[in-house]
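**Q** how would this look folded up:
(one chain, ligands or ions: 2)
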Amino acid sequence: MTKKSIKVSASILGCDLGNIESEIKRIEKAGADFVHFDVMDGVFVDNISFGLPVLKSAKTKTDLSFDVHLMITEPERYIAEFARAGADIITFHFEATKDIKKCIEICKKNGCKAGISIKPNTPASEIFPYLGEIDMVLVMTVEPGFGGQGFLYFTLEKIEQIRKRADELGLDVDIQVDGGITDKTCKEVKERGANILVAGTYLFKADNMTKAVELLK
Ligand code: DX5
Ligand code: ZN
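**A** Ligands and ions are numbered 1, 2, ... in the order given. You can find the predicted model right below:
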């Protein structure tokens, strides 16, 4: 199996949003690699979070790359705007669009890396046809919509299936996991081939965030 270095993406859904600037500084200091930015529209998921104006402002506070996770229907309507607002990687949901190719194309045309995310019950094989065209696969390890949920162990098998397929095809794709990631659950996801770990609750509730990032890595 391809061994890639482990990166941590801090989900600011779990931070004190009234103090987003200092929270982002805290992420930076702790040694996280990305800011994970969860966009929810209240339609694709049962929750509404934040969007373009917050991203634009947050982007001016740090040099960290922004990893934008779009939990919105028909993401093709907004990908270009999120790219212009400062997203470095844009991940949209397989289940949210009828035109995957178009979504990938808009990411790339606007200078962004492209990722596809699958919900826990979506089979890994659904994204196999696109593996050669994307930079990252996000395997949701909880149902998207809320932070602080328990890790779903049945998703582990999909990480392994995707890494195996990517290796067979000789593709250097990143596999990200999101939801319920802690110092306990991170071990298995890494063993199965995930290399970018999103964490919200675990990092922001930690007594020592630097130590928490180290433990994940
Ligand atoms: C859930 C979001 C996650 C969430 C993870 O839909 O995509 O990024 O913030 O939160 P934790 O780490 O608390 O499970
Ligand atoms: Zn997310």
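
**Q** So which bits of stretch 180-196 are buried?
**A** By 16 or more other C-beta atoms under 10 Å, the buried positions in stretch 180-196 come out as 180, 181, 182, 185, 186, 189, 190, 192, 193, 194, 195, 196. All C-beta atoms are positioned from the backbone trio N, CA, C, and that covers glycine.

**Q** helix/strand/coil for the third one?
**A** Three-state secondary structure (criterion: DSSP: H, G, I helix; E, B strand; the rest coil) places residue 182 in coil.

**Q** Any figure for the gap between it and residue 153?
**A** Computed as C-beta to C-beta, to the nearest Å, the residue 182 to residue 153 distance reads 13 Å.

**Q** Likewise for residue 84?
**A** Counting by C-beta to C-beta, the gap from residue 84 to residue 153 is 39 Å.

**Q** How about residue 40?
**A** From residue 40 to residue 153 the distance is 24 Å (C-beta to C-beta).

**Q** do residue 38 as well
**A** Taking C-beta to C-beta as the measure, residue 38 falls 22 Å from residue 153.

**Q** Over to residue 116?
**A** In terms of C-beta to C-beta, residue 116 sits 22 Å off from residue 153.

**Q** now residue 82
**A** Distance, residue 82 to residue 153, by C-beta to C-beta: 32 Å.

**Q** who has more neighbours, those two?
**A** Using other C-beta atoms under 10 Å, the more surrounded residue of residue 82 and residue 153 is residue 82, with 26 against 11.

**Q** Touching, that one and residue 50? I think so.
**A** No - in terms of C-beta atoms under 8 Å, residue 82 does not count as a neighbour of residue 50; the distance is 11.8 Å.

**Q** Which neighbours do these two have in common?
**A** Shared contacts of residue 82 and residue 50, defined by C-beta atoms under 8 Å, 6 or more residues apart in numbering, comprise residue 39.

**Q** give me phi/psi at the closest residue to residue 93 other than its chain neighbours?
**A** Spatial nearest neighbour of residue 93, chain neighbours left out: residue 117 (4.9 Å); criterion: C-beta to C-beta, 6 or more residues apart in numbering. Torsion angles at residue 117 (phi, psi; degrees, to the nearest 10) stand at phi -110, psi 140.

**Q** How many residues are close by residue 117?
**A** Residues near residue 117, counting by other C-beta under 10 Å, number 23.

**Q** quick one: contacts for it?
**A** Residues in contact with residue 117 (C-beta under 8 Å, 6+ apart) are 69, 91, 92, 93, 94, 137, 138, 139, 140, 144, 178.
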